[in-house]
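Asker: this one's structure only:
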């Protein structure tokens, strides 16, 4: 859901193209599939404008794999805020049946 809320044009078109049963987005998809995919840094004090960075250069939380970061500095700075939610997420995930 966060990916859609903060998604780049490529992500949005691809998502809706897969979920709408028509060919209306095929042409748009051809236009945007070569656009660089962007990600959103989870750290609210991130110094990068709009907290967006090329997705393939992003780091993620190695425990939950949900939180994404533009740099190690943002990841470390956000850890005190992310820690509780991350640990709760991991506890819930561990209780799910495989």
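Answerer: Okay, I see it. Small disclaimer: the values here were computed from a predicted structure and weren't measured. Residues are numbered from 1 along each chain as shown.
Asker: quick one: buried residues of the longest helix belonging to the chain?
Answerer: Criterion DSSP state H: the longest helix present in the chain is helix 72-95. Burial within helix 72-95, assessed by neighbour count using 16 or more other C-beta atoms under 10 Å, is assigned to 74-75, 77-78, 82, 86, 89. Bear in mind the C-beta positions are built from the backbone N, C-alpha and C, glycine included.
Asker: which one of those residues is nearest residue 47?
Answerer: Of all the buried residues of helix 72-95, residue 47 sits closest to residue 74, with 8.3 Å by C-beta to C-beta.
Asker: residue 32 contacts residue 10, doesn't it?
Answerer: Yes - here residue 32 lies in contact with residue 10, judged by C-beta atoms under 8 Å, at a distance of 4.9 Å.
Asker: so what touches the host helix or strand of residue 29?
Answerer: Residue 29 belongs to helix 26-32 when assigned by DSSP states H and E. Residues outside helix 26-32 that contact it (C-beta atoms under 8 Å, 6 or more residues apart in numbering) are 9-10, 13-14, 17.
Asker: among those residues, which two are most distant?
Answerer: 9 and 17 (11.9 Å).
Asker: wait, doesn't residue 39 sit right on residue 54?
Answerer: Yes - look at residue 39 against residue 54 with C-beta under 8 Å: they come within range, at 7.4 Å.
Asker: measure stretch 62-75 end to end?
Answerer: 10 Å (C-alpha to C-alpha, to the nearest Å).
Asker: state the mean pLDDT of it.
Answerer: Mean pLDDT, computed over stretch 62-75, is 94.
Asker: who's in contact with that stretch?
Answerer: 39-43, 45-46, 48, 51, 53, 57-61, 78, 82, 86-87, 89-90, 93.
Asker: list the buried residues for that stretch?
Answerer: 67-71, 74-75.
Asker: roughly how far is it from the heart of the chain?
Answerer: Distance of stretch 62-75 from the chain centroid (C-alpha atoms, centre = their mean, to the nearest Å) equals 10 Å.
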